[in-house]
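*Asks:* How does the following fold in three dimensions:
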Amino acid sequence: MALKTPLKESPKANTLTKDQIKEFKKAEKDSEEFMDFICLAEKIVKAGDKGWARKVYKKAEDKAEDYEEFCFLADEINENLGDK
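*Replies:* Numbers count the residues shown, from 1 in each chain. Presented below is the predicted three-dimensional model:
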């Protein structure tokens, strides 16, 4: 299951503060497991940057190991990004 990445994100896509960017970059660097990336992506979506969240979901996809994780990832992407 490959995520479709849009060619260009909307200029309004990045509404994050400098502190949020710093926090999320550190969290992304420190993430190692499937759920680490899922939780981070959800936080990024809620903060307003779906483009970055899509990239983090891709990292979660790379860490997914079984059917349940892929299904959970698909549900998260559908719910948070509206991408079926």
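
*Asks:* List the buried residues in the one helix or strand residue 21 maps to.
*Replies:* Counting by DSSP states H and E, the element that carries residue 21 is helix 18-30. By neighbour count with 16 or more other CB atoms under 10 Å, helix 18-30 contains the buried residues 20, 24, 27-28. Where you see a C-beta, it was placed from the backbone N, CA and C, and this is true even at glycine.

*Asks:* since we're on residue 46, how many residues are nearby?
*Replies:* 10 (other CB atoms under 10 Å).

*Asks:* those helices in the protein, which residues are they?
*Replies:* 18-30, 34-47, 50-63, 67-81 (DSSP state H).

*Asks:* distance between stretch 76-84 and the chain's centre?
*Replies:* 10 Å (CA atoms, centre = their mean, to the nearest Å).

*Asks:* Pull the residues that contact that stretch.
*Replies:* Here stretch 76-84 makes contact (CB atoms under 8 Å, 6 or more residues apart in numbering) with 3-4, 38, 41-42, 45, 50, 53-54, 57.
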